[in-house]
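J.: whatever this is, show me its structure:
(one chain, ligands or ions: 2)
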Amino acid sequence: MPKPKKVCIIGSGNWGSAIAKIVGSNAERLDYVDNRITMYVYEEMVEGRKLTEIINETHENVKYLPGHKLPPNVVAIPDVVEAADGADILIFVIPHQFIRNICAALIGRIKPDAVGLSLIKGFDRVEGGAIDLISNTISRLLKIQVCVLMGANLANEVAAGMFCETTIGCKDKRVAPLLRDLIQTENFKVVVVDDVNAVEACGALKNIIAVGVGFVDGLGYGDNTKAAVIRLGLMEMIKFVDIFFPGSRLSTFFESCGVADLITTCFGGRNRRVGEAFIKTGKSIEVLEKELLNGQKLQGPITAAEVNFMLKNRGMEARFPLMTAVHRICTGEMKAADLLDHVRNHPEHMQTTFGRCSL
Ligand SMILES: NC(=O)C1=CN([C@@H]2O[C@H](COP(=O)(O)OP(=O)(O)OC[C@H]3O[C@@H](n4cnc5c(N)ncnc54)[C@H](O)[C@@H]3O)[C@@H](O)[C@H]2O)C=CC1
Ligand SMILES: O=C(CO)COP(=O)(O)O
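T.: Ligands and ions are numbered 1, 2, ... in the order given. This is a model prediction of the structure:
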């Protein structure tokens, strides 16, 4: 009988805690998974007590997922090396800006045959004026295989057990069922596809579009305008994947990680909410993140900056007017009121089978 697989969750924010609830309870019934799930918690004081102590005593992440009990087999650990010690499966779920520091601490300290599963949405700036997928960065630094999980998964709804779907991107046919069964529940349905790059790129890019949709809401435009911006955003996502991840499949956009995640984030996500508040209050993104999110981190504006970094370096900003406008509005380079002018002549509007009217 092989030894049960040890699982470590690296991250304990809103999504990290929701996924800990699922993985902890699945571990209790799966005989090939070790019952003890370790969860790395970035230590902080909450009302005079350490967050790890609160989680381990009350089984609730009172700061990032209040109102939901974690299974008692989920153990909060403030040291990432200790949490990951001996783990066969490492679930990465931290805001993407912290991934390099976390990996730096783990280099040479994890099992060489461990498998990673990244739930992280964002990109990493790399040499040559480019950006890379977070899973590639983890894989490169830690020298392990890294699969991804992305989907229309607002954490609070998942934690409440409301039905949704998700997408795992995994090329390894032996690993895929293991990850699926570790994550899947009656109300959290997993579809596995092997188009890993597209799955992850969708998850990262939709956060930029959601910020733009927040601007649309803040400016008081209607639902038709919102739908247009979502559609143009989707077309830019497809074009981005087509250019930078050739060989990806269009069908992946119809999985939960694609259109569905774009829709849910553009209606119920933090990026949309902060985008709207940015317009209505005139405060900076950084200030609003602090004021509205109670320690949770916004991914859209920094992802917009990462994408723009590469598009600018390659002279491709004009091909992605919506993503470019979102970045420029966030940084104050462009007035939000000019958003629609920027997308009115979107390349998508030039795609017509008919030529100019000659009547
Ligand atoms: N919240 C959601 O509904 C969903 C989030 N995601 C993605 O999951 C990833 C993680 O997001 P959440 O769990 O929502 O986190 P969060 O935004 O709720 O919480 C922030 C987390 O970062 C930690 N942190 C703060 N400073 C840190 C540092 N210097 N080093 C390491 N950790 C630090 C905090 O302790 C906290 O756990 C992101 O990429 C996000 O886009 C994906 C799907 C759903
Ligand atoms: O990724 C998400 C839902 O799948 C959450 O989006 P927000 O970060 O905008 O809340």
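
J.: residues from this protein in reach of ligand 2?
T.: Residues of the chain lying close to ligand 2 (CB under 6 Å from any ligand atom) are 121, 152-154, 207, 210, 261, 264-265, 269-271, 299. C-beta coordinates here come from the backbone N, C-alpha and C atoms, glycine included.

J.: can we see that at 8 Å?
T.: Counting by CB under 8 Å from any ligand atom, the chain comes close to ligand 2 at 14-15, 121, 150-155, 203, 206-207, 210, 261, 264-265, 268-273, 296, 298-300.

J.: just these that are near ligand 1?
T.: Restricting these to those within reach of ligand 1 (CB under 8 Å from any ligand atom) leaves 14-15, 121, 150-151, 153-155, 203, 207, 261, 269-270, 296, 298-299.

J.: give me the subset of those residues that lies in helices.
T.: Among those, the members falling in helices (DSSP state H) are 14, 15, 155, 203, 207, 261, 270.

J.: for the stretch 251-359 of the chain, which residue gets nearest to ligand 1?
T.: Using CB to the nearest ligand atom, the single residue of the stretch 251-359 of the chain nearest to ligand 1 is residue 296, 3.5 Å away.

J.: could you report the neighbour count for that residue?
T.: For residue 296, the count of nearby residues is 16 (other CB atoms under 10 Å).

J.: before we move on, what about residue 225?
T.: Residue 225: 17 surrounding residues under other CB under 10 Å.

J.: that older thread, of all the ones in helices among the ones next to ligand 1 among the residues of the chain next to ligand 2, which comes closest to ligand 2?
T.: Distance to ligand 2 across those (CB to the nearest ligand atom) is lowest for residue 270, with 3.5 Å.

J.: tell me where the model's unsure across the stretch 251-359 of the chain.
T.: Under the criterion pLDDT under 70, the flagged ranges of the stretch 251-359 of the chain are 351-359.

J.: what do you get if the cut-off is 90, keeping everything else the same?
T.: Low-confidence segments of the stretch 251-359 of the chain (pLDDT under 90): 342-343, 345, 350-359.

J.: is ligand 1 within reach of the helix or strand encompassing residue 228?
T.: Element membership for residue 228 (DSSP states H and E) is helix 223-244. No. Using CB under 8 Å from any ligand atom, we find that helix 223-244 stays clear of ligand 1, coming within 15.4 Å at best.

J.: coming back round to it: the ones in helices among the ones next to ligand 1 among the residues of the chain next to ligand 2 into TSV, with extra columns for distance to residue 26 and neighbour count?
T.: Below are those laid out as TSV (distance: CB to CB, whole Å; neighbours: other CB atoms under 10 Å):
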residue	distance to residue 26	neighbour count
14	19	25
15	16	24
155	17	21
203	22	30
207	27	27
261	22	29
270	26	23
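
J.: distance check, residue 227 against ligand 1.
T.: 22 Å (CB to the nearest ligand atom, to the nearest Å).

J.: so residue 225 touches residue 339, yeah?
T.: No. With contacts defined as CB atoms under 8 Å, residue 225 does not count as touching residue 339, sitting 9.6 Å away.

J.: what do the two both touch?
T.: Both residue 225 and residue 339 are contacted by residue 216, under the criterion CB atoms under 8 Å, 6 or more residues apart in numbering.

J.: run a quick neighbour tally on residue 21.
T.: Residue 21 has 23 nearby residues by other CB under 10 Å.

J.: should've said residue 27
T.: Here the number of neighbours of residue 27 (other CB under 10 Å) works out to 23.

J.: over to the one 10 residues further on?
T.: Applying other CB under 10 Å, we find 27 other residues in the vicinity of residue 37.

J.: same deal with residue 102?
T.: Residue 102: 19 neighbours (other CB under 10 Å).
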